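Trainee: quick one: sequence plus predicted model below, questions after.
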Amino acid sequence: GDPRALGGGAGRAGVGGRVGGGGAEGAESGGAVAWVLAAGAGAVTAVSLGGLARGRTGWAWVQGRFGRYRGTVRRTGLVWLNPLAGRCRMDLRLRHWRSAPLPAVDADGVAVEVMLHVVWRVADTARAAHAVDDVVRHLGECAEAALARVVSRRPVDAFRPGVPTLRHTEAVAEELTGLVAGAAAVAGLQVFAVQPVRIAYAPEVAEAMRRRRLAALDALHRDALLAEAVDAVEETVRRLTARGLVELDAYEHKALVRDLTVAFCTGRTAGG
């Protein structure tokens with residue numbers, strides 16, 4: 001029946017309710033924090049595992065971020081790379097590239113087709129990754145440009161003696177290697193050898209050039225035959241005169257040389 005007693009009981013009940021409510025809110029807050037920490041730890045673990053990669057002999061990982069070079073990893077086995085940076089695998093081994101028939105024009109203005117074999121490798125990964133879009137395409141363009149310069153300085157075949165031609169493959173290969181190596185170095189490529197493996201006339205002029213080459217060979221053969229005949233006749237006349245078998249004046253000497261030369265050439269032609 002005491003009002004103060006009733007008021008005191010109500011006050012204690014109210015305090016107890018507030019204390020109980022505060023405990024529930026604290027438990028919920030603690031659970032949320034634990035969940036956030038667990039999620040963060042999981043994200044960090046996932047990102048860290050995403051940086052693991054396998055390094056292989058003869059290969060490298062090239063890293064970059066926002067278009068800038070960030071380093072190259074050449075180690076083998078299990079390696080860790082920065083997961084926030086982009087990466088690409090690059091082949092560092094010795095490689096071979098063979099072209100399709102490349103068109104060019106020789107020193108005589110004749111259309112030709114040349115196939116090239118290039119031995120190369122990537123030497124500077126930073127330049128190879130960022131200086132050009134495609135290192136193989138860049139190498140091919142360098143080889144084609146160098147070929148046009150070298151072919152324009154020499155004919156394919158010499159129809160007169162003493163002229164360097166594209167058939168001298170060692171000299172042509174040395175010149176091509178120097179030109180291609182210098183141009184490809186800008187993209188981080190090292191060129192060891194550039195060798196022409198096939199040199200041929202373009203199809204539209206191949207038959208005409210074949211006939212011209214045969215005619216030139218025939219002319220060279222006739223010149224050699226005539227020189228051999230003249231040498232043989234001069235030696236014969238010299239021996240006849242030295243032994244006193246004939247006495248010739250200038251006119252008779254010329255006539256005998258002419259007749260013997262004609263007879264010698266006719267005999268060689270008839271004999272084969």
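Mentor: Everything's here; your move. Keep in mind that this is a model prediction, so the values were computed, not measured. Numbering: from 1, shown residues only.
Trainee: what bits of the stretch 51-200 of the chain have low per-residue confidence?
Mentor: Low-confidence segments of the stretch 51-200 of the chain, defined by pLDDT under 70: 51-55, 66-67, 77-78, 80-86, 160-161.
Trainee: reduced to three states, what does Ala206 come out as?
Mentor: Here Ala206 is recorded as helix under DSSP: H, G, I helix; E, B strand; the rest coil.
Trainee: next: the one 4 residues further on.
Mentor: Under the three-state scheme (three-state DSSP), the conformation of Arg210 reads as helix.
Trainee: got a pLDDT number for the residue lying closest to it once chain neighbours are set aside?
Mentor: Closest residue to Arg210 apart from its sequence neighbours, by C-beta to C-beta, 6 or more residues apart in numbering: Tyr201 at 7.8 Å. C-beta here means a position set from N, CA and C on the backbone, and glycine is covered the same way. Reported pLDDT at Tyr201 in the predicted model: 91.
Trainee: so who does the closest residue to Glu144 other than its chain neighbours touch?
Mentor: Nearest residue to Glu144, sequence neighbours excluded (C-beta to C-beta, 6+ apart): Leu102, at 5.4 Å. With contact set as C-beta atoms under 8 Å, 6 or more residues apart in numbering, Leu102 has these partners: 113-116, 143-144, 147.
Trainee: which strand residues bridge the residue nearest to Arg210?
Mentor: Val112 (DSSP bridges).
Trainee: okay, domains of this structure per the record?
Mentor: Following automatic domain parsing, one finds the domains of the chain at 1-50, 52-91, 95-201, 208-271.
Trainee: distance of Ile199 from Ala173?
Mentor: Look at Ile199 and Ala173: by C-beta to C-beta, to the nearest Å, they are 11 Å apart.
Trainee: what's the neighbour count on Leu116?
Mentor: Close neighbours of Leu116, defined as other C-beta atoms under 10 Å, add up to 23.
Trainee: where along the stretch 101-250 of the chain do the strands fall?
Mentor: 102-105, 111-122, 189-201 (DSSP state E, counting those that start in this stretch).
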